[in-house]
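Participant: Give me coordinates for this.
(3 chains)
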Amino acid sequence: MKSKLSAESNYDVLELSGEIDLHYSPELREMILGSLKDGKSLLINMAEVSYIDSSGIASLVEGFQTAKTAKLSYGLLKISSPALQVLTLTRLDRVFTLYDTAEQFQSHL
Amino acid sequence: MIRAINNLGTYVLTSIEEVGRTFNLLLIIAWKILLPPYQIFPIIKQVYFIGARSLTVIIISGVTIGMVLGLQFYNTLERFGSVGVLGSAVALSIIRELGPVMTALMVVGRAGSSICAELGIMRISEQVDALECMAISPDKYLVAPKLIAGILCVPLLNFVFNVVAIGGGYLVGVVLFGVAEGSYVNGMIDSVVWADVRLGLVKSLIFGMLITLICCAKGFYLHLSKYGSQGAEGVSRVTTDAVVISSISVLFFDFLIGALMS
Amino acid sequence: MENTSAISIRNLDVDYGSRRILSNINFDIRQGEIMVIMGGSGSGKSTLLRTMLGLKKPSAGHINMLGTDICHASQKELYKLREKMGVAFQGGALFTSMSVTENIQLPLREHTKLDENTIQIMTRIKLDMVNLLPYENLMPSELSGGMKKRAALARAIIMDPKLLFFDEPSAGLDPITSAELDNLIVMLKESMRMTIVVVTHELESVFAIADRIAILGDGELIQIGSPEEIKSSTDERVINLLNRTPRENIVDGDVHLQRLTRDNQ
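Facilitator: Next up is the predicted model:
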């Protein structure tokens, strides 16, 4: 897994790529929760994610719950088809807010 | 005739194989408990099951045995006019012989049988295989905590047994028959030496290991025994075997240790 | 990647004592496919499964699984491989002293250092997948046979294994639960990229889930192929298995008489 966290004006963008499995999901969790802790909304770009396992999904879910409690926006951007399949399997595709462009996310802020 | 010899041969071979397997299990566990992760909580659970839950049985049998001893020794000693040594007679028999043996036998009946049955059921319902397939070592995860708990609990239970049994002897000798309290207690203190206590301790440590090992191995290796394919009946038979073999081993090793250490 | 082997079995012989259960088994299971191993009772399919799981040592031959030869691997190598494997046993093999949740979490607690919240969410995701979320705090003794099976599946996939073994998924289940389970198996393959090996004698679900089918009979591999190939098989034993024709015993009068009276001479 590779990741890049960049700050926009009023939200953070986390770019993920590669395989997210048991070894990397703790790192992912730290990044998501760290960014939300600073009180910034978070957009996670998942276009380059080739594989995500359920520990990765669990980290995304925990992040979403944390964002909701803190009344921050939280979205998944350009989700790749392998990742989308896993979300569908776990019935989470209707729980997360999925965006095709960053502009859509901005307009929801 | 040939068939009889054949059967005897098979019996001897399988017995030797089983003894080998049992001690191999001991060696595997002795090696694996040195490696992390350490299973503290499961050991506590087993100590509760083998130790704490056996207390009632130990106390009741201890008091009873103590009282019987008090009665018998009093009757015998009275004939020779030496009831003064009642305390030391009771204490020595309890500490050297009856304490370790009776405690071990009680633990076999109370906990050993259920340890064996539990492991046997886990074996036939594929729970042991499931652990193995989860890359969790079943000997370490299932057997080791029981073995450690057995080695810890039997000496402790033995101590409790000794105390209440000596109390039982006191009850009969001093309270019932009026033997002087001073001679009971002081005779006991004077005659019991460290070597007696050490003998009892060594016995109960070895018994504790022996009975838990036998009961664990019998249940854990159920699938390799001749009862392996008999389902629930196999569990009940192997449990009976485990109880019989561990009880006999206790008596045999009692003699052996006694002969070697005195 | 699609066509490389996840498991390859070469010249496999397995004996129990002096009895040969499997002889000269050769086949491959490709990555990302659902392979159904079929056969009647006594065909050796359970033994093949146990051998693939490393629970039974073969007398000869090799099984290469994700690059490890499990017949000659050290215990350490075997355990490392097993962390990438999930097994759902026929009767569930749930630990009776633990609740459903504790059962499912056991592999995570033993093998990972994931955060408690992550473990909780992962457990609930898997329970939800097998429709057992409302029953998470029950003990295995309070579950029905089908629920045990589903809980066992949840435990088998908790670590997102690359390889999933499933022993008799639909035996003893009602048709609806059975169909749901079939559906889930296919979904697991498609979205989690699992290679799945199913061992069964139930015909209904075989053709619904299998990418390829291997048919065992009397300890030998009779045929291996796609569901279509198996359906159009000309091998008598395969046809009999599919048509549920009873095995025909060739009765020789003398032999039969001897069989019945052997010990009374």
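
Participant: Quick check: the residue of chain A nearest chain B.
Facilitator: Nearest residue of chain A to chain B, counting by CB to the nearest CB: residue A:22, 13.6 Å away. No exception for glycine: its C-beta is placed from N, CA and C like everyone else's.

Participant: That residue is in contact with residue A:52, isn't it?
Facilitator: No. Checked against CB atoms under 8 Å, the pair residue A:22 and residue A:52 is beyond contact range at 11.2 Å.

Participant: More neighbours: the two, which one.
Facilitator: Of the pair residue A:22 and residue A:52, residue A:52 is the one with more neighbours under other CB atoms under 10 Å in any protein chain shown, namely 30 against 20.

Participant: Show me the beta-bridge partners of the more buried one.
Facilitator: residue A:20 (DSSP bridges).

Participant: Pretty sure it sits against residue A:84.
Facilitator: No. Using CB under 8 Å, residue A:52 is not in contact with residue A:84, being 9.8 Å away.

Participant: The helix or strand hosting residue A:4 pairs with which strands?
Facilitator: According to DSSP states H and E, residue A:4 maps onto strand A:2-7. The sheet places strand A:2-7 alongside strand A:11-20 (antiparallel), with pairing taken from DSSP bridges.

Participant: what mean pLDDT does the strand it pairs with have?
Facilitator: Strand A:11-20 carries an average pLDDT of 87.

Participant: just checking, next helix/strand downstream of it?
Facilitator: Past strand A:11-20, the next helix or strand by DSSP H and E is helix A:25-37.

Participant: Could you check the pLDDT of the nearest residue to residue B:141 once chain neighbours are set aside?
Facilitator: Nearest non-adjacent residue to residue B:141, counting by CB to CB, 6 or more residues apart in numbering or on different chains: residue B:131, 6.0 Å away. Per-residue pLDDT puts residue B:131 at 95.

Participant: Identify the residues contacting residue C:133.
Facilitator: Shown here is residue C:133, whose contacts under the criterion CB atoms under 8 Å, 6 or more residues apart in numbering or on different chains are C:124, C:127.

Participant: and if we set it to 6 Å?
Facilitator: Residue C:133 is in contact with residue C:127, counting by CB atoms under 6 Å, 6 or more residues apart in numbering or on different chains.

Participant: For the residue minimising distance to the centre of chain A, list each beta-bridge partner.
Facilitator: Of all residues in chain A, the one closest to the mean position by CA atoms, centre = their mean is residue A:44, 3.7 Å from it. Counting by DSSP bridges, residue A:44 is bridged to residue A:14, residue A:76.

Participant: Need the pLDDT of it.
Facilitator: pLDDT at residue A:44 comes out at 89.

Participant: What pLDDT is listed against the residue nearest to residue C:168 when sequence neighbours are not counted?
Facilitator: Nearest non-adjacent residue to residue C:168, counting by CB to CB, 6+ apart: residue C:90, 4.6 Å away. With respect to pLDDT, residue C:90 has a value of 89.

Participant: And residue C:265, by the same measure?
Facilitator: 49.

Participant: Residue C:250 now?
Facilitator: pLDDT, residue C:250: 65.

Participant: Could you do the one 3 residues further on as well?
Facilitator: Looking at residue C:253, its pLDDT stands at 81.

Participant: For residue B:36, see how far away it is.
Facilitator: Shown here: residue C:253 relative to residue B:36, a distance of 68 Å by CB to CB, to the nearest Å.

Participant: Next: residue C:171.
Facilitator: Taking CB to CB, one finds residue C:171 at 39 Å from residue B:36.

Participant: Neighbour count: these two, which is higher?
Facilitator: Per other CB under 10 Å, whichever of residue C:171 and residue B:36 has more neighbours is residue C:171, with 15 against 6.

Participant: Nearest spatial neighbour of that one, chain-adjacent residues omitted?
Facilitator: In space, residue C:171 is closest to residue C:202, 6.1 Å off (CB to CB, 6+ apart).

Participant: The one you found contacts residue C:169, doesn't it?
Facilitator: No. Residue C:202 is beyond contact range of residue C:169, at 8.2 Å (criterion: CB atoms under 6 Å).

Participant: Which one's more surrounded, those two?
Facilitator: A direct count of neighbours by other CB under 10 Å for residue C:202 and residue C:169 places residue C:169 higher, at 26 against 16.

Participant: That one is in contact with residue C:180, isn't it?
Facilitator: No. The criterion here is CB under 6 Å, and residue C:169 misses it with residue C:180 at 10.5 Å.

Participant: excluding its backbone neighbours, what's nearest residue B:218?
Facilitator: Nearest one to residue B:218, counting by CB to CB, 6+ apart, is residue B:242 at 3.8 Å.

Participant: pLDDT at that neighbour, what is it?
Facilitator: Turning to residue B:242, the model gives it a pLDDT of 95.

Participant: Is the residue nearest to the centre of chain A in contact with residue A:14, as I believe?
Facilitator: Yes. Checked against CB under 6 Å, the pair residue A:44 and residue A:14 is within contact range at 4.8 Å.
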